[in-house]
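Undergrad: Compute the structure for the input listed below.
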Amino acid sequence: MDKSTISNQIWPASAILISLSIFFGLIYPGVVTLINQSLFPVRSNGSLIIKNQKVIGSRLIGQEFASEKYFWSRPSATSIPYDGAASAGSNLSSANPILLTNVNKRISQLHQYSTSSSEPIPVDLVTSSASGLDPDITVAGAHFQVARVAKARNLDEKIVYDLIEYAKVNRQFGFLGETRVNVVELNISLDEISKL
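TA: Numbering: from 1, shown residues only. Just a heads-up that it's a prediction; the model follows:
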């Protein structure tokens with residue numbers, strides 16, 4: 001192959017590489033970002049929860065709550081609870097002794113704070129999600145915690161049940177997933193009610 005043939009191939013290939021890099025590296029992401037920021041500003045910025053001009057969380061990532069005054073989130077499988085950079089499930093099978101030990105430990109902890117030791121515990125309160133970051137619990141998981149939260153905050157249980165009802169998110173499109181409650185938003189509502 002002579003030099004002129006090589007240069008005839010290099011320049012068109014270089015031009016294509018440069019133009020595709022500019023289009024897919026700058027123009028396309030810029031247009032998509034502009035559209036997202038214009039049409040979906042909250043979602044495209046991470047569905048952040050802002051309180052008193054401070055970011056206190058995201059609707060998409062759970063947080064760990066240890067106080068009896070708060071609804072507890074689904075257990076996180078990440079090494080640092082709800083660390084978005086370490087998203088991962090436990091990958092333990094249902095027959096794995098480590099999983100069974102963890103579940104039994106969580107059941108014991110929940111029964112310590114439950115008014116009825118025979119009340120069935122919703123499975124989402126003792127198992128972690130596939131991402132380890134799940135921000136939601138089932139309505140049953142929220143109802144299981146009402147007595148503890150109401151007692152710790154000296155609130156009527158009906159008020160707490162009403163907060164759950166107000167915070168419920170229905171199935172997507174009416175059939176996908178389960179009806180659920182975002183724990184961070186529910187706990188924010190609790191704090192607001194307690195201030196009144």
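Undergrad: Count the residues that sit near residue 167.
TA: Neighbourhood size, residue 167 [other CB atoms under 10 Å]: 21. C-beta here means a position set from N, CA and C on the backbone, and glycine is covered the same way.
Undergrad: Give me the phi and psi for it.
TA: Main-chain torsions, residue 167, degrees, to the nearest 10: phi -90, psi -10.
Undergrad: Give me the pLDDT for it.
TA: Looking at residue 167, its pLDDT reads 89.
Undergrad: Run through the residues that contact it.
TA: 142, 181, 182, 185, 186, 189 (CB atoms under 8 Å, 6 or more residues apart in numbering).
Undergrad: Neighbour-wise, which one of those leads?
TA: Most surrounded of those: other CB under 10 Å gives residue 142, at 27 neighbours.
Undergrad: for the chain, longest helix please?
TA: In the chain, taking DSSP state H as the definition, the longest helix is helix 3-22.
Undergrad: need the contact list for the closest residue to residue 141 other than its chain neighbours.
TA: Counting by CB to CB, 6 or more residues apart in numbering, residue 122 is the residue found nearest to residue 141 once chain neighbours are left out, at 4.3 Å. By CB under 8 Å, 6+ apart, residue 122 lies in contact with 137, 138, 140, 141, 144.
Undergrad: want to try JSON lines for those residues, with pLDDT and neighbour count as columns?
TA: Shown next, in JSON lines, are the contacts of residue 122 (pLDDT from 0 to 100; neighbours: other CB atoms under 10 Å):
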{"residue": "137", "pLDDT": "92", "neighbour count": "26"}
{"residue": "138", "pLDDT": "92", "neighbour count": "17"}
{"residue": "140", "pLDDT": "92", "neighbour count": "16"}
{"residue": "141", "pLDDT": "92", "neighbour count": "23"}
{"residue": "144", "pLDDT": "92", "neighbour count": "23"}
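Undergrad: can you tell me how far the residue nearest to residue 141 sits from residue 13?
TA: 59 Å (CB to CB, to the nearest Å).
Undergrad: so what's residue 113 up against?
TA: Per CB under 8 Å, 6+ apart, neighbours of residue 113: 68, 148.
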